[in-house]
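Student: What would the 3D arrangement of this be:
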Amino acid sequence: MPIIVNLDVMMARRKMSLGELSEKVQVTLSNLSILKTGKAKAIRFSTLEAICEALQCQPGDLLEYLPGDTRYDTLDNTPDNSKFK
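Tutor: Residues are numbered from 1 along each chain as shown. Next up, the predicted model:
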């Protein structure tokens, strides 16, 4: 997926643990972990806003677009056959 989530980078810069962030933004540890590991397929703007407020950053500090070959999912290396339907 060409969208990269840099939540772990911003948390490290702010010296904040996942547990601390979870408490501040009222999002479960498991949901933040899914976001942090890049496994999330979507994020609500209200959640993004809360994370930005807690980490004192901009959405662009957390999300990055890397263009490239999107035929393969970076997590499981299986072809995305939806282009061929």
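
Student: Every contact and neighbour count from this point should use C-alpha atoms.
Tutor: OK.

Student: quick one: the helices in the chain?
Tutor: 7-13, 18-25, 29-36, 45-55, 59-62 (DSSP state H).

Student: just the angle between the second one and helix 45-55, please?
Tutor: Right, helix 18-25. Helix 18-25 and helix 45-55 are oriented at 120 degrees to each other (axes from the mean of the first three to the mean of the last three Cα atoms, to 10 degrees).

Student: List the buried residues for helix 18-25?
Tutor: Across helix 18-25, burial judged by 16 or more other Cα atoms under 10 Å covers 18, 21-22, 25.

Student: Quick check: mean pLDDT of it?
Tutor: In this model, helix 18-25 carries a mean pLDDT of 96.

Student: re earlier: check the buried residues of helix 18-25 and tell me the two furthest apart.
Tutor: Farthest pair in the buried residues of helix 18-25 (Cα to Cα) is L18 and V25. Separation: 10.5 Å.
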